[in-house]
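>>> my questions concern the predicted model and sequence given below.
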Amino acid sequence: FADLGDEGHAFVDTRSSAAFGRGHIPGAYNLQVSSPEFEQRVGWVVAAELSILLVSEDADAARKAQHKMAFLGLDQRVKGVLAGGMEAWSRVGMAHETVPQISVHELQGYLENDGGIRTLDVRESDEWDERHIEGAASMSFKVLADHLDEIDIGPEDQVAVLCASGIRSSTACSILLRNGYRRVHNVIGGMGAWSAADLPTVT
């Protein structure tokens, strides 16, 4: 599996944001099979010329991912599935990365105390227009990889990424990591949790 990754195939980790955050294969995309848009998101994010290597929670989740991908013909691009998942990968000492998961209260604390953190909102423009955090940068996760030069956040910056619930933002975190960003945090619960906590927003 590692050798196939070295050949340039794309790792697609279909586990939850929390599981991905605890440890994943360096360079993997986090595209959760639990999303009703899973297969579309694979198509949006993973370059069409790349074969896919799946990392799933278990064999049932891997089968579910391939079944959903079949609706768009993406199952034909699956080159392999990691036997034993990340547990097997970690057990033999293979390299892994993590993504810190922070709460909306932690993010607010950083922002209030000038903690040197930038905020990136990866929702769609209509969601952004309705309500967002003042000073946040905006870029849909779908096009983020091709427009990193437009967000005014560099690889050396500490960045908190959020969406509506913390799922799309984890995908965006994985894209940032693939592009050399190293100080990336996923905001648990996203704008849903931010609004539920009655934290300030602008329109």
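Yep, it's here.
>>> and the residue nearest in space to the middle of the chain, what does it touch?
The centre of the chain sits closest to Thr171, judged by Cα atoms, centre = their mean, with a distance of 1.7 Å. Thr171 is in contact with 29-32, 41, 45, 122, 141, counting by Cβ atoms under 8 Å, 6 or more residues apart in numbering. Every residue, glycine included, has its C-beta placed from N, CA and C.
>>> at 6 Å instead, please
30-31, 141 (Cβ atoms under 6 Å, 6 or more residues apart in numbering).
>>> got the residues you listed as TSV, with neighbour count and pLDDT columns?
Output for the contacts of Thr171, formatted as TSV (neighbours: other Cβ atoms under 10 Å; pLDDT from 0 to 100):
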residue	neighbour count	pLDDT
Asn30	30	98
Leu31	29	98
Phe141	25	97
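>>> still on that earlier bit, and the residue nearest to the centre of the chain, which of the three is it?
helix (DSSP: H, G, I helix; E, B strand; the rest coil).
>>> if I look at the closest residue to Lys64 other than its chain neighbours, how far off is Gly166?
Leaving aside its sequence neighbours, Lys64 sits nearest to Val33 (Cβ to Cβ, 6 or more residues apart in numbering; 5.7 Å). Using Cβ to Cβ, to the nearest Å, Val33 is found at 16 Å from Gly166.
>>> strands of this structure, start to end?
In the chain, strands defined by DSSP state E lie at 10-13, 29-30, 52-55, 78-81, 101-102, 117-121, 137-138, 158-162, 184-187, listed in chain order.
>>> and among these, the most buried is which?
Greatest average neighbour count among those goes to strand 29-30 (a mean of 27), per mean count of other Cβ atoms under 10 Å.
>>> give the buried residues for the helix or strand of the chain with the lowest mean pLDDT.
Taking mean pLDDT, DSSP states H and E as the measure, helix 2-6 is the helix or strand of the chain with the lowest mean score, a mean of 93. Using 16 or more other Cβ atoms under 10 Å as the test for burial, helix 2-6 gives Gly5.
>>> just the CA atoms of it, as PDB, please.
Extracted as PDB, the C-alpha positions of helix 2-6 are listed here (Å, rounded to 0.1, in the frame of the first residue of the first chain):
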ATOM      1  CA  ALA A   2       2.800   2.400   0.900                       C
ATOM      2  CA  ASP A   3       4.600   1.500  -2.400                       C
ATOM      3  CA  LEU A   4       1.500   2.300  -4.400                       C
ATOM      4  CA  GLY A   5       1.400   5.700  -2.600                       C
ATOM      5  CA  ASP A   6       5.000   6.300  -3.600                       C
END
